[in-house]
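# Any chance you can model this:
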Amino acid sequence: MQYLVTMTTQVPAGVPDKTVEDVRGRESIHTAELAAAGHVLRLWRPPLQPGEWRTLGLFEGEDEDQLEAVLASMPLRIWRHDQVTPLQPHPNDPTSPTPFRTGAMEYFTTFTVTIPDGTDPAVVDEKYAAEANNSRELAAKGKLVRLWRTGEGHALGLWQTDNDDEMQTIVSTLPLAEWLQTDTIPLTPHPSDPAHLASRNT
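Predicted coordinates:
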């Protein structure tokens, strides 16, 4: 099972810089080990305010107990709070995840679907069918990377595009756009992200 983990780190006042550097160094080494074991799939940095220290991670584990064991094993956990979102399969998730493209801009989108009362069921079916077809087309173009359910009527998408304008155009032209509340989160590379590290070694 896969999970999105929001990891927020706050180093207590008075901790020596040398100690922080040591813990971060051990975190980097251990993260690579967890990636090799298939537990850490991706890492990103979301937009941050001055002084914030936050990471978004895509993790995999058999269940939440195993995930907690993985998170607890990470050296930075001594200063970190983790918020876990279980990710469920989505019918429009690309059959084969879109390959990571070096240099592309990545984004998360959170979707909440609200169907207006009284909408003809045939119209609903038509829009969902168009959405499924559109998702396949966007995956084939290398834009839609992954899609998960996070609850009834809620979804999380991972995208890669050339720029912000392209991402905005994609979201605004989705077949379900008029029924969607969408939040788009730009992502920047994390130094320990397995995908970036693999791209450097190829």
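# so what are the domain limits for this protein?
Following automatic domain parsing, the chain resolves into domains at 2-87, 90-187.
# Does anything pack onto the one helix or strand in the chain whose mean pLDDT sits lowest? Which helices or strands?
In the chain, the helix or strand scored least confidently by mean pLDDT, DSSP states H and E is helix 194-200, which has a mean of 75. If you count contacts as 3 or more CB pairs under 8 Å, 6 or more residues apart in numbering; DSSP states H and E, helix 194-200 packs onto helix 17-36, strand 40-45. C-beta coordinates here come from the backbone N, C-alpha and C atoms, glycine included.
# That helix: how far from the chain's middle?
Relative to its chain's centre, helix 194-200 lies at 16 Å (CA atoms, centre = their mean, to the nearest Å).
# repeat for stretch 27-35
Taking the mean of its C-alpha atoms, stretch 27-35 sits 18 Å from the chain's own mean (CA atoms, centre = their mean).
# repeat for stretch 111-124
Distance, stretch centre to chain centre, for stretch 111-124: 27 Å (CA atoms, centre = their mean).
# what's the span of it from first residue to last?
16 Å (CA to CA, to the nearest Å).
# If you tally nearby residues, what's the number for residue 52?
Neighbours of residue 52 under the rule other CB atoms under 10 Å: 12.
# Phi, psi for it please.
phi -80, psi 150 (degrees, to the nearest 10).
# So for it, what's the nearest residue that isn't a sequence neighbour?
In this structure, residue 52 finds its nearest non-sequential neighbour in residue 8, 7.8 Å apart by CB to CB, 6 or more residues apart in numbering.
# likewise residue 138?
What sits nearest to residue 138 in space, not counting adjacent residues and going by CB to CB, 6+ apart, is residue 144, at 4.0 Å.
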